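Peer 1: Have a look; sequence and predicted model below, questions after that.
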Amino acid sequence: MDTLSAEKVSESVAVVHVGSRLTFKNAQGFTDLWEALIDAGIRHAVLDFSRTGILDSTGLGAVFSLYKSLSTLQGSVRFAAPSNPVLVVMQLARIYKIFPPYPTVEAALCSIQYHLNKDATPVSEREPGRN
């Protein structure tokens, strides 16, 4: 999986497999992909960095643009399985404070599901007759 691809896992959650790089060469493609996903109702993003060898400042800027867009929609961005080069960038830029890394895509998805369930209205507070 050397190229950028997305997989919708629910109505509001998608995983983007970043591929080998997120740089000035493909940052616009990343942005275009996410704009289409947001238009389709995606509000939570898991970025799979497991195969990413290069993350430059332009790529990082594209990630922050995604974060800003989703934050305004009460959404979220998770970093999953960051490779060593991505971890170095995360440390140098101190972005781990905003995007804590998850060891796997599955762990990031579980975190999103946990927060979605936690924020859901408890059954006892719903209107009678509604599930």
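Peer 2: Thanks, I have it.
Peer 1: going forward, measure contacts between C-alpha atoms and count neighbours the same way
Peer 2: OK.
Peer 1: Helices along this protein, start to end?
Peer 2: With DSSP state H as the criterion, the chain has helices at 27-39, 57-72, 84-93, 105-119.
Peer 1: and the first one, what other elements does it pack with?
Peer 2: So that's helix 27-39. Judged by 3 or more C-alpha pairs under 8 Å, 6 or more residues apart in numbering; DSSP states H and E, helix 27-39 is in contact with helix 57-72.
Peer 1: same check, this time on the second one
Peer 2: The contact analysis (3+ C-alpha pairs under 8 Å, 6+ apart) places helix 57-72 against strand 21-22, helix 27-39, strand 76-80.
Peer 1: let's see 10 Å
Peer 2: Under the contact criterion of 3 or more C-alpha pairs under 10 Å, 6 or more residues apart in numbering; DSSP states H and E, helix 57-72 touches strand 21-22, helix 27-39, strand 44-48, strand 76-80, helix 84-93.
Peer 1: Then the last one?
Peer 2: Contacts of helix 105-119 with other secondary structure elements, assessed using 3+ C-alpha pairs under 10 Å, 6+ apart, are made with strand 13-17, strand 44-48, strand 76-80, strand 101-102.
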